[in-house]
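A.B. asks: sequence isn't available, so here's the structure alone:
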DNA sequence: CTTTTATCGTTAGCCACCTAACTATCCGCC
DNA sequence: GGCGGATAGTTAGGTGGCTAACGATAAAAG
């Protein structure tokens, strides 16, 4: 689960010292990077712990929320059954993973699979009554938890935070699209 | 792998709208939370992709770095063999996981297990020559990648960023230590 | 109409995480 | 000295992620 296998982050002086041995090491960049992964892990752990009380993992929750579909789809009426491929697309995991998650959720009677009416290759996955009920039961505390986690940040800090996170996100996204045969220099050194 | 099973983050208006239906939902808090997990995932993916070229996962890299031990231990001489329990402690995973990772690394001849001289219950895990060589080979590009990822942030932005990340980290840490029998109200609603 | 190509969901097999239980060893106490 | 509890590492079994390959179906090409 942890993205960052490092419990105690190195002190800045350590990074500085290491940067003498390794000129490529940018102390402040490394510091931000490590803090980002560390904080993400911890924030994740907090909500994961809560969801676990309902036998729900982050992956299953992602599928349920996608099916719940408040916004995301944006077309007025919210809850709409989706195909596994659409679920994979929205949650960002592979179709194979969706198969497994839907298996689990179906076993727990939280979603149901039905053949797709138009295309016999496809399935249609939708929330069951029980799934809907569980979501309604879980969400308030889930939302409260996120709110609690960010309580110490002012509105202006939050805006700044989102701006910085977005900057990194965009930068990281550049790396994906980099040409397969990489140009001579840095961008990820692929 | 992904902490956040949600590829496209909801627009702020969506969160605002949803907050009318769910009063517990704090739009700006949720926005920060989702961005944090999303950016963490992406940053992780970037370095993971690089490490994968050397048949190294983030977990194995964590173990290797712990054994390399620049700073962390802090006692002058850097590289020191560690016991599995120490590795687990420093990397933040269970001893069982360490067993698996060390198995893999040992098979690849990057680390070696030897009986601990003082205590026959313990093992002593150390880098092999090959492991040391691989690290020296990997690290420069790894450092460059982190630097590249943060290149768009000024030094002052980085300081702000670390401050905000630390704030969230500390808040999240509060949740762990919360009394098993929780006090009446919120703190994570455990 | 037939053949190819693309797409769907699933399967099989790998990896790294977890918890719980186990064996071996050490240590404190009588 | 011997015995009970703590601690070491491992094992067993579960989960959720991945890739690669598959059979079924649909759509495009001939």
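C.D. replies: Received, thanks. Given the structure is predicted, the values throughout are model-derived calculations rather than measurements.

A.B. asks: show me the contacts for whatever residue of chain A ends up closest to DNA strand D.
C.D. replies: Of all residues in chain A, residue A:59 sits closest to DNA strand D, with a separation of 2.8 Å (CB to the nearest atom of the strand). In short, each C-beta sits where N, CA and C put it, glycine included. Counting by CB atoms under 8 Å, 6 or more residues apart in numbering or on different chains, residue A:59 makes contact with A:91, A:93, A:97, A:101, B:5.

A.B. asks: now, these that are in helices?
C.D. replies: A:91, A:97, A:101 (DSSP state H).

A.B. asks: circling back to that earlier point, from residue A:92, how far off is the residue of chain A closest to DNA strand D?
C.D. replies: For residue A:59, the distance to residue A:92 equals 11 Å [CB to CB, to the nearest Å].

A.B. asks: give me the common contacts of those two.
C.D. replies: Contact with both residue A:59 and residue A:92 is made by residues residue B:5, according to CB under 8 Å, 6+ apart.

A.B. asks: which SS state does residue A:9 fall under?
C.D. replies: Here residue A:9 is coil, with the state taken from DSSP: H, G, I helix; E, B strand; the rest coil.

A.B. asks: would you map the strands across chain A?
C.D. replies: Counting by DSSP state E, chain A has strands at residues A:111-115, A:123-127.

A.B. asks: can I get the ones you listed in a markdown table including mean neighbour count and mean pLDDT?
C.D. replies: Listed next are these as a markdown table, based on neighbours: other CB atoms under 10 Å in any protein chain shown; pLDDT from 0 to 100:
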| stretch | mean neighbour count | mean pLDDT |
| --- | --- | --- |
| strand A:111-115 | 16 | 96 |
| strand A:123-127 | 19 | 97 |
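
A.B. asks: can you put those strands in TSV and add distance to residue A:35?
C.D. replies: Formatted as TSV, those follow (distance: least, CB to CB, whole Å):
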stretch	distance to residue A:35
strand A:111-115	37
strand A:123-127	37
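
A.B. asks: okay, these in a markdown table with distance to DNA strand C next?
C.D. replies: Output for those, formatted as a markdown table (distance: least, CB to the nearest atom of the strand, whole Å):
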| stretch | distance to DNA strand C |
| --- | --- |
| strand A:111-115 | 6 |
| strand A:123-127 | 4 |
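
A.B. asks: what residues does chain A have near DNA strand D?
C.D. replies: Residues of chain A lying near DNA strand D by CB under 7 Å from any atom of the strand: A:57-60, A:92-94, A:96-97, A:100-101, A:104, A:119-121.

A.B. asks: and with 10 Å instead?
C.D. replies: Applying CB under 10 Å from any atom of the strand, one finds that chain A approaches DNA strand D through A:1, A:52, A:55-63, A:88, A:91-101, A:103-105, A:107-108, A:115-116, A:118-122.

A.B. asks: of the residues you listed, grab the buried ones for PyMOL.
C.D. replies: Listed next is the PyMOL selection for buried residues among these, using 16 or more other CB atoms under 10 Å in any protein chain shown:
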select buried, chain A and resi 56+58+59+60+61+62+63+88+91+92+93+97+98+101+104+105
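
A.B. asks: out of the residues of chain A next to DNA strand D, which sit inside helices?
C.D. replies: Counting by DSSP H, the residues of chain A next to DNA strand D contribute A:52, A:58-63, A:88, A:91, A:95-101, A:103-105, A:107 to helices.

A.B. asks: show me which of those neighbour DNA strand C.
C.D. replies: A:52, A:88, A:95-101, A:103.

A.B. asks: read off the pLDDT value for residue A:5.
C.D. replies: The model reports residue A:5 with a pLDDT of 83.

A.B. asks: what about it, neighbour count?
C.D. replies: 24 (other CB atoms under 10 Å in any protein chain shown).

A.B. asks: cool, and residue A:11?
C.D. replies: Neighbours around residue A:11, by other CB under 10 Å: 13.

A.B. asks: state the distance from it to residue B:79.
C.D. replies: Relative to residue B:79, and taking CB to CB, residue A:11 is found at 19 Å.

A.B. asks: one more: residue A:124?
C.D. replies: 57 Å.

A.B. asks: for chain A, which spans come out with low pLDDT?
C.D. replies: Applying pLDDT under 70 to chain A picks out residues A:1, A:71-77, A:176-190.

A.B. asks: what residues does it put near DNA strand C?
C.D. replies: A:1-5, A:45, A:52, A:82-89, A:94-103, A:106, A:113, A:115-116, A:119-125.

A.B. asks: rerun at 6 Å
C.D. replies: Selection of chain A residues close to DNA strand C by CB under 6 Å from any atom of the strand yields A:1-2, A:5, A:83-85, A:95-96, A:99, A:102, A:113, A:121-123.

A.B. asks: closest one of those to chain B?
C.D. replies: Proximity of the residues of chain A next to DNA strand C to chain B (CB to the nearest CB) peaks at residue A:5, which lies at 2.6 Å.
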